[in-house]
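Visitor: Need a 3D model of the sequence below.
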Amino acid sequence: MSQSHQQASLPGCPSCEEPLEPGDLFCGACGYDLSVVPAPPGERPTVALTVPSQGAGAPDSAARVPDEPGAQDAGAVEWPPAAGAGGSGHPAPTHRPTDLPGTDSAGRPLPTEAPPAVRLDPPGGVPEAAGDFQLAAPDPRTAAPAAARGKVCVACRSGHVDPDGYCENCGHAQPRERDHMEQELGSVAAVSDRGLRHHRNEDAFAVSSTALPDGSPAVVAIVCDGVSSATRPDEASAAAASAANGALMESLPRGTHPQQAMHDAILAASEAVNSLAQEPGGAMEHDPHRHRNAPACTLVGAIAASGLLVVGWVGDSRVYWVPRDRAHPPARLTEDDSWAAQMVATGLMNEAEAYADERAHAITGWLGADAYELEPHTASFKPDRPGLVVVCTDGLWNYAEAAAEMATAVPADAYERPLHGAQVLVGHALDGGGHDNVTVALLPFAVPPQGAGSA
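Guide: Next up is the predicted model:
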C-alpha cells in the first residue's frame, strides 16, 4: 500500500508513540521533528514461484531451479499496473498467476492455461486430472525404464539408485551389497543374509572349483563368520574366505592331498586375518595392547574331490551330511570350538544342558591376532552314497541344531537345485527369528563310478 508523507496519517510519534493531531509538525510530548520521518521503501510485488506444467514423460529436472548462468534473466516479466492502487490507501486487487504474462527458464512463453496435473492411481488404475499439484517423478508409463539407467530401487521398483545408495525417485536407502549375497557355481551354491537383528552382515563365503592333476574335478565351499565382539569382523571374514579359497585353488591343481590342502588353507586364512591387526608403518609395533580386540572370525570349509569329502574348521561353524536318500541317517561332521562343546567333551554337562547355558556359544578357537595357539581341525570321509554337504554358520544351525533337524529343513530337491535349497535354508533361519547373520553353502556330493581316479 502506498503511503503519503502527511504527518496526520501517522498513528503516533515515531519516538515516544504519543498520539498526534492533524497538522502537527512536532511531537507535543518529546518534541520529535515530524518532518524528518522517512518515507517507506517503494512497493515491490511478491512473486510466487510456480513450477511450469509438464506433459507426460517430461523429465523431472524441469521442476528444478536452473543451474545455467543467466537463466534467471531470460524473458523478464513486465508487471501491469495494479488497478486501484494510488493515494486512496486501498490495496490493489490480487493477481492470479494466469493473469500475468511470463516465460520459462528457457525464454519460451508460458501457456495461458496450464494442463491438468497427473495423479498416479494405484497399480492398474488410470491417471486422472488432479488439478492441485503435479508429481515431480516422471510418468512411469512413458519414462525410460530405470533398469536401462542402472540399478533399480528395491522399494518403488522404478527409480534409479544414485551413487550414495538412495533412490532418486522415492529416496529409499538401498540394501548394502553384503546384506544379501547369492552365488551358484556349477554344482555348488551359497547364500548369505544379514538376518533380522544385525545392522550389517559379518559373514562371508567363497565357492569355487578346479581340476586335480588327473583331470577330475574338485569343488570347494568356504564359510566364515565374523566375531561380533571384535573390531572389523566383516573385514576379517571376507579376508579369511578369500585367502582360504585362493590357497586351495593353488594347491589342489598341484596335486596336494585335499586334507593337507585344507590345513594349509586355514593357516593362510589365519595370516590374512592377522594382517588386519597390523598398523601401517608399524606405528604400534611395540604397543603391548595392539592385538586386543583384533579382527577375528571363524572358518569352516569342505572339499569334494575324487570320492573324498574333506572338511576343515576353526570355531563353531559346522558341516552336516544329508544323504540324498533320506532313508539313511544324516550326520554332523564337525565339532565346535566352544564352551558348550568343552563341557560335553569333559562330561561336566550333557549336550542339552550345555547348549541351554548362556555361555554355550562362547568360542574357544578362532582366527585372529589375539587367538590362542591355532589348531586347524581337518577330517576326511569317503561316503558310499550320494548326499548333500551343508556348510553353515551358527546363524542357521541355531534353528536346526541336530543333524535330523537340519535334514528336515533341507528341501527334498536341494541335491538337484542347491541354490534354491540354500535360499530355503536361509528362509528357515529368518522365519525362526533371524537373530544372527546366516550363511549356508550346499555342495552336492556324487559317488564316482568304480575305477575312477583317487585323490
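Visitor: contacts and neighbour counts: CA atoms only from here.
Guide: Noted.
Visitor: Can you tell me the closest non-neighbouring residue to Cys156?
Guide: In space, and not counting its chain neighbours, Cys156 is closest to Cys170: 6.9 Å by Cα to Cα, 6 or more residues apart in numbering.
Visitor: Hmm, Gly159 and that neighbour touching each other?
Guide: Yes. Here Cys170 reaches Gly159: they are 7.0 Å apart, a contact under Cα atoms under 8 Å.
Visitor: thinking again about what came up before, the residue nearest to Cys156: how many residues sit nearby?
Guide: Counted with other Cα atoms under 10 Å, residues neighbouring Cys170 total 16.
Visitor: ok, it to Ala356 distance?
Guide: Here Cys170 is placed at a distance of 45 Å from Ala356 (Cα to Cα, to the nearest Å).
Visitor: Helix or strand: which one has the residue nearest to Cys156?
Guide: Following DSSP states H and E, there is no helix or strand that holds Cys170.
Visitor: pLDDT score for it?
Guide: Looking at Cys170, its pLDDT stands at 87.
Visitor: What does it show for phi and psi?
Guide: phi -110, psi -10 (degrees, to the nearest 10).
Visitor: Tell me how far it lies from Glu177.
Guide: Distance from Cys170 to Glu177, by Cα to Cα: 20 Å.
Visitor: go on, Pro19?
Guide: The value you get for Pro19 to Glu177, if Cα to Cα is used, is 74 Å.
Visitor: Those two - which one has more neighbours?
Guide: Pro19 (13 against 8).
Visitor: Am I right that the more buried one is in contact with Phe26?
Guide: No. Using Cα under 8 Å as the test, Pro19 is too far from Phe26 to be in contact (11.5 Å).
Visitor: and Ser270, what is it in contact with?
Guide: Ala240, Leu367, Gly368 (Cα atoms under 8 Å, 6 or more residues apart in numbering).
Visitor: low-confidence ranges in the stretch 251-400 of the chain?
Guide: By pLDDT under 70, the low-scoring segments of the stretch 251-400 of the chain are 279-292.
Visitor: would you list every one of the strands in it?
Guide: With DSSP state E, counting those that start in this stretch applied, the stretch 251-400 of the chain shows strands at 296-305, 308-314, 318-323, 331-332, 367-368, 377-381, 387-392, listed in chain order.
Visitor: Which of those sits closest to Cys13?
Guide: With Cα to Cα as the measure, strand 296-305 is the member of these nearest Cys13 (79.4 Å).
Visitor: Listing partners with orientation, what would you give for that closest one?
Guide: In the sheet, strand 296-305 lines up against strand 217-226 (antiparallel), strand 308-314 (antiparallel), strand 367-368 (antiparallel) (DSSP bridges).
Visitor: JSON lines please, covering those strands and showing distance to Trp397 and mean neighbour count.
Guide: Below are the strands paired with strand 296-305 laid out as JSON lines (distance: least, Cα to Cα, whole Å; neighbours: other Cα atoms under 10 Å):
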{"stretch": "strand 217-226", "distance to Trp397": "13", "mean neighbour count": "27"}
{"stretch": "strand 308-314", "distance to Trp397": "15", "mean neighbour count": "25"}
{"stretch": "strand 367-368", "distance to Trp397": "20", "mean neighbour count": "31"}
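Visitor: Make TSV out of those and add distance to Pro383.
Guide: Converted to TSV, the strands paired with strand 296-305 look like this (distance: least, Cα to Cα, whole Å):
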stretch	distance to Pro383
strand 217-226	15
strand 308-314	7
strand 367-368	29
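Visitor: I'd like the distance between the residue lying closest to Leu25 once chain neighbours are set aside and Val191.
Guide: Among residues not flanking Leu25 along the chain, Leu34 sits closest, at 5.3 Å (Cα to Cα, 6+ apart). Per Cα to Cα, Leu34 is found 85 Å from Val191.
Visitor: Pick out whichever of the two has more residues nearby.
Guide: Remark: of Leu34 and Val191, Val191 carries more neighbours, 25 against 21, as counted by other Cα under 10 Å.
Visitor: Enumerate every residue touching the more buried one.
Guide: His180, Met181, Glu182, Gln183, Leu419, Ala422, Gln423, Val426, Thr439, Val440, Ala441.
Visitor: quick one: what helix or strand has the last one in it?
Guide: Meaning Ala441. Using DSSP H and E, the element containing Ala441 is strand 438-445.
Visitor: Neighbouring strands - and their directions - for that strand?
Guide: By DSSP bridges, strand 438-445 pairs with strand 188-193 (antiparallel), strand 387-392 (antiparallel).
Visitor: what is the rounded mean pLDDT of that strand?
Guide: Strand 438-445 shows a mean pLDDT of 98.
Visitor: That strand to strand 318-323, inter-axis angle?
Guide: Strand 438-445 runs at 40 degrees relative to strand 318-323, counting by axes from the mean of the first three to the mean of the last three Cα atoms, to 10 degrees.
Visitor: how about the strands in the stretch 101-250 of the chain?
Guide: Using DSSP E, counting those that start in this stretch, the strands found in the stretch 101-250 of the chain span residues 118-119, 128-129, 180-185, 188-193, 203-211, 217-226.
Visitor: By mean pLDDT, show me the worst of the ones you listed.
Guide: Ranked by mean pLDDT, the strands of the stretch 101-250 of the chain bottom out at strand 118-119, with a mean of 42.
Visitor: Helices of the protein, residue ranges please.
Guide: 233-251, 258-275, 339-345, 351-356, 394-397, 403-409, 418-431 (DSSP state H).
Visitor: Looking at those, which is nearest to Pro383?
Guide: helix 258-275 (15.3 Å).
Visitor: how about the nearest residue to Thr393, chain neighbours excluded?
Guide: Ser317 (4.4 Å).
Visitor: wait, the one you found sits on Arg332?
Guide: No. Proximity of Ser317 to Arg332 does not meet the contact threshold set by Cα under 8 Å, at 11.2 Å.
Visitor: These two - which one has more neighbours?
Guide: Legend: neighbour count by other Cα under 10 Å for Ser317 and Arg332, higher for Ser317 (26 against 17).
Visitor: contacting residues around that one?
Guide: By Cα under 8 Å, 6+ apart, the residues touching Ser317 are Val223, Cys224, Asp225, Thr298, Leu299, Val300, Asp336, Val391, Cys392, Thr393, Asp394.
Visitor: Let's have those in a markdown table, adding distance to Thr378.
Guide: Converted to a markdown table, these look like this (distance: Cα to Cα, whole Å):
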| residue | distance to Thr378 |
| --- | --- |
| Val223 | 15 |
| Cys224 | 16 |
| Asp225 | 18 |
| Thr298 | 14 |
| Leu299 | 12 |
| Val300 | 10 |
| Asp336 | 12 |
| Val391 | 14 |
| Cys392 | 16 |
| Thr393 | 17 |
| Asp394 | 19 |
